[in-house]
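Asker: Fold the following for me, if possible:
(one chain, ligands or ions: 2)
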Amino acid sequence: MAKAVKIKFIELGAGGILYLAALYTAGDGEWTSGAETVCFLLAYFALAAGVFAQLIRNFRKMHFFDENFLMLLATVGALIIGKYTEAVGAILFFQIGKLIEEISMSRTKKSIAKYMDIRPEFANRKVGNKEENVAPSDLKRGDVIVIRPGEKIPVDAVVTAGSSMVDMKALTGESEPGEVKIGQKVYSGSINLSGLLEARVSKVYAESTASRIMGLVEGANKKKSETEKFADRFTKYYTPIVTCLGILVMILPPMMLPAHDTETWMYRGLIFLVAACPFGLLVSVPLAFLGGIGAASKQGVLMKGSNFLEALSKAETFIFDKTGTLTQGVFHVKKICPKGMTAEELLELTAHGEAYSSHPIAVSLQEAYGKDVDLGRVKYIKEFSGFGVMAEIDGKDVYIGNSKFMNRQGLYYQPVSEIGTAVHVAVDGEYAGYILISDALRKDAKRTIRWLERHQLEAVMLTGDNERVAQSVAKQLGIEYVYANLMPEDKVAQLEEFIDSQMESENLAFVGDGINDAPVLARADIGIAMGGLGADAALEAADVILMEDEPSRIIDAIRISRGTIRAVKQNLIFAIGMKILLLILAFFGYVSMQDAIIADMGVMLINILNSFWVITLC
Ligand code: ADP
Ligand code: MG
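Answerer: Ligands and ions are numbered 1, 2, ... in the order given. Here you go, the predicted structure:
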């Protein structure tokens, strides 16, 4: 149990017992003897101590009016006019309400953290033939670790022996376990299910997937949505206003209606203050947002803050990067057309040139080559984002890239008419041929685009690839708006054009894979990155991260964000409506101080239930 919750429990327990004792001795709760008064006062101070402490903390921050202030003002007033039972009862229920808030908040956070139950506790480091049990943070890069079935993978590592099924549900929301073999990566926070694995540490604990994700989620609590900011601003004005109103209730009616006595209106004014307490109202908003973030993380969608969740619910346009986002980013070689060398030599040259690039094209070409690259032959490598790479291989200057790259370097190349991405190669200024590669669509890309269309959301595709490939992909997916041949900076420019042309209230989301599109991810209203596993740049630049390489997770993300906003709106309307009703009732003397605070607690509970209900159903 959280410490704050424990303290609240003790406060409440002590105060509650004293309160009951006082009630017992007092009978009717009216002023009779000194002993009861002492008992009531003790109960009051036991219960109100925390509220006082909070008030003093607020005063230090020059922040005067809030629900604590209202409660203390009202209850101290009630004590002064001798309404002991009422004063203590109100503060008791106020504290119970706070406790419920505390518990549900920490439970929601915990449920996120539980989904985030990815913190590995230990690691088995292999030294010689022995194993030692160490903390994951003690591991260094290059250490060899042993992971037994059932154990959590402590840090990101590459398998060096064994094979196994690995459960990544906690990281990606994907319930099917996946198989890992020698040479493949395993991610910290996932669970080794079946076989014994030996792996070499590729990232220290702090840089590993588990700690990075936990860092992200912890940070998400701090980024507030517009609605939450509005609620904060609202109380800033609301509280002083209702305080004044409460005071007016105390003084105006007795002055204007001579038949009415001062004490009744004094008491009503105090009840009015309690009824005005914005407590239940304020709790339900952040709680619903937290619930939404939690629900999304269960689906493998990480939101970096409530503000992004809110923005996503209002997104009208979804701009997709092509390679690696709508397509798998796994290219197959369709054709090799060498000039002045054999096909094998051309592929070998290309694989060497692409040795240091992480672009999907580079990875696929190395895969197609199939052999180990001899890094000793490669001296100088420079990557030109959106163009290709240049390298010095065996002392020769090699350019590898698209036709734009060849044009830019003033190199001759042979135009290609077939559909596909042509990777041209030039050696020492001489054209050496091209490799034609093509990429397959992601399985669920079409479904995602269809869903967006059905919901009147615009889908746009941007790509650095050529027009033909772009059109063919767009046609298969049913995307109407396509922009091809874009350099990474053109993508940013295009995005800005979209942003300028849309209305203030609309939002634009960019969906990319984080490879050379970080600037666009950062510039969009909402940057959504796919494949949170592995792509470090994406984790940094994006606002929303889809842990699994599945565009359809966007559908879940949109649904959840809309559901959350719906819950927030319902909660607000209900809470404000009840508040107004309560204030009217208080003014006419139909509620007691306790009733007012219990009603507020009821509103809060209903709102909490509503949030979970709406969010889980969406
Ligand atoms: P996309 O918008 O489809 O993600 P990129 O901006 O990543 O495309 O790349 C655009 C084009 O630049 C690619 O289609 C390819 O022709 C070329 N290119 C980029 N990087 C490389 C590379 N490492 N090797 C060869 N060609 C590359
Ligand atoms: Mg890309």
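Asker: Which SSE is immediately downstream of the helix or strand hosting F94?
Answerer: Secondary structure here is read from DSSP states H and E; on that basis F94 sits in helix 84-115. Tracing the chain C-terminally past helix 84-115 and defining elements by DSSP H and E, one meets strand 123-127 next.
Asker: which strands and helices sit next to that next one?
Answerer: For strand 123-127, the elements it packs on are strand 130-134, strand 144-147, judged by 3 or more Cβ pairs under 8 Å, 6 or more residues apart in numbering; DSSP states H and E. Backbone N, C-alpha and C define where each C-beta goes, glycine included.
Asker: among those strands, which is nearest ligand 1?
Answerer: Shortest distance between ligand 1 and the helices and strands packed on strand 123-127, using Cβ to the nearest ligand atom, is found for strand 144-147: 31.9 Å.
Asker: Check which helices and strands the closest one sits against.
Answerer: Counting by 3+ Cβ pairs under 8 Å, 6+ apart, strand 144-147 packs on strand 123-127, strand 197-201.
Asker: Identify all contacting residues around the last one.
Answerer: With contact meaning Cβ atoms under 8 Å, 6 or more residues apart in numbering, strand 197-201 is reached by 126, 139-147, 153, 155-164, 180, 186.
Asker: How about the backbone phi and psi for the residue in the stretch 151-300 of the chain that ligand 1 sits nearest to?
Answerer: At 20.7 Å from ligand 1, K185 is the closest residue in the stretch 151-300 of the chain, using Cβ to the nearest ligand atom. With angles defined as degrees, to the nearest 10, K185 shows backbone torsions of phi -90, psi 140.
Asker: which residues pair with K185 across the strands?
Answerer: Applying DSSP bridges to K185 gives these bridge partners: V158.
Asker: tell me the pLDDT at it?
Answerer: At K185, the pLDDT value in this model is 92.
Asker: can you give me the mean pLDDT across the helix holding F94?
Answerer: 80.
Asker: could we number from 8 for the rest of this?
Answerer: Happy to do that; since the first residue is 8 now, the last one works out to helix 91-122.
Asker: That helix packs against which elements?
Answerer: Using 3+ Cβ pairs under 8 Å, 6+ apart, helix 91-122 is in contact with helix 10-33, helix 41-67, helix 74-87, helix 216-227, helix 286-305, helix 600-624.
Asker: Okay, and V173 sits in which element?
Answerer: Element membership of V173 [criterion: DSSP H and E] is strand 171-174.
Asker: buried stuff in that strand?
Answerer: Buried residues in strand 171-174, defined by neighbour count with 16 or more other Cβ atoms under 10 Å: S171, V173, D174.
Asker: now swap in stretch 132-145 and tell me
Answerer: Applying a neighbour-count criterion of 16+ other Cβ under 10 Å, the buried positions in stretch 132-145 are R132, K133, V141, P143.
Asker: quick one on the thing from earlier: okay, buried residues for the helix holding F101 please.
Answerer: Buried residues in helix 91-122, counted by 16+ other Cβ under 10 Å: 91-112, 114-116, 118-120, 122.
Asker: ditto for stretch 296-314
Answerer: Residues of stretch 296-314 classed as buried: 296-314 (neighbour count, 16+ other Cβ under 10 Å).
Asker: One more: stretch 49-60?
Answerer: Applying a neighbour-count criterion of 16+ other Cβ under 10 Å, one finds L49, A50, Y51, A53, L54, A55, G57, V58 buried in stretch 49-60.
Asker: Let me see the contact set for the nearest residue to K342 once chain neighbours are set aside.
Answerer: In space, not counting the residues next to it along the chain, K342 is nearest to L443; the distance is 4.2 Å by Cβ to Cβ, 6 or more residues apart in numbering. Contacts here follow Cβ under 8 Å, 6+ apart; on that basis L443 touches V340, K341, K342, I343, C344, V423, E425, G427, T428, A429, V430.
Asker: redo that, cut-off 7 Å
Answerer: When contacts are counted by Cβ atoms under 7 Å, 6 or more residues apart in numbering, L443 touches K341, K342, V423, E425, G427, A429.
Asker: Closest one of those residues to S559?
Answerer: Distance from S559 was checked for each of these by Cβ to Cβ. The minimum falls on G427, at 26.0 Å.
Asker: My understanding was that the closest one contacts I444; is that so?
Answerer: Yes. Taking contact to mean Cβ atoms under 7 Å, the distance of 6.2 Å between G427 and I444 places them in contact.
Asker: intersection of neighbour lists for these two?
Answerer: K341.
Asker: hang on, the earlier thing: please pick the buried ones from the contacts of L443.
Answerer: V423, G427, A429.
Asker: State the distance from the residue of the stretch 508-625 of the chain found nearest ligand 1 to L546.
Answerer: The nearest approach of the stretch 508-625 of the chain to ligand 1 comes at N523, 5.0 Å away (Cβ to the nearest ligand atom). As for N523, its distance to L546 is 15 Å (criterion: Cβ to Cβ, to the nearest Å).
Asker: neighbours of the closest residue to L62 other than its chain neighbours, just the number please.
Answerer: Using Cβ to Cβ, 6+ apart and skipping residues adjacent in sequence, the residue nearest L62 is N75, 4.8 Å away. When neighbours are counted by other Cβ atoms under 10 Å, N75 registers 23.
Asker: if I pick N75, what's in contact with it?
Answerer: By Cβ under 7 Å, 6+ apart, the residues touching N75 are V58, Q61, L62, N65.
Asker: could you dump these to JSON lines with pLDDT?
Answerer: Listed next are the contacts of N75 as JSON lines, based on pLDDT from 0 to 100:
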{"residue": "V58", "pLDDT": "89"}
{"residue": "Q61", "pLDDT": "87"}
{"residue": "L62", "pLDDT": "89"}
{"residue": "N65", "pLDDT": "86"}
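Asker: and of those, the nearest to D563?
Answerer: Set against D563, the nearest of those by Cβ to Cβ is Q61 (38.4 Å).
Asker: List the contacts of the closest one.
Answerer: For Q61, the contacting residues are N75, by Cβ under 7 Å, 6+ apart.
Asker: who in the stretch 408-557 of the chain is up against ligand 1?
Answerer: Residues of the stretch 408-557 of the chain that fall close to ligand 1, judged by Cβ under 6 Å from any ligand atom: G408, N409, T428, V430, T470, G471, D472, P495, N523.
Asker: who's in contact with the last one?
Answerer: Taking Cβ under 7 Å, 6+ apart as the definition of contact, the neighbours of N523 are S392, G393, P495.
Asker: Just say helix, strand or coil for the second one.
Answerer: Secondary structure of G393, reduced to three states by DSSP: H, G, I helix; E, B strand; the rest coil: coil.
Asker: what comes up buried for the helix or strand encompassing S445?
Answerer: Secondary structure assignment for S445, by DSSP H and E: strand 437-448. Neighbour counts over strand 437-448 (16+ other Cβ under 10 Å) mark Y438, A439, G440, Y441, I442, L443, I444, S445, D446 as buried.
Asker: now these in a markdown table, with pLDDT?
Answerer: As requested, the buried residues of strand 437-448 are exported to a markdown table (pLDDT from 0 to 100):
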| residue | pLDDT |
| --- | --- |
| Y438 | 96 |
| A439 | 96 |
| G440 | 96 |
| Y441 | 97 |
| I442 | 97 |
| L443 | 95 |
| I444 | 94 |
| S445 | 92 |
| D446 | 91 |
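Asker: Can I get the residues you listed in JSON lines including distance to ligand 2?
Answerer: Converted to JSON lines, these look like this (distance: Cβ to the ion, whole Å):
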{"residue": "Y438", "distance to ligand 2": "26"}
{"residue": "A439", "distance to ligand 2": "25"}
{"residue": "G440", "distance to ligand 2": "25"}
{"residue": "Y441", "distance to ligand 2": "20"}
{"residue": "I442", "distance to ligand 2": "19"}
{"residue": "L443", "distance to ligand 2": "19"}
{"residue": "I444", "distance to ligand 2": "15"}
{"residue": "S445", "distance to ligand 2": "16"}
{"residue": "D446", "distance to ligand 2": "11"}
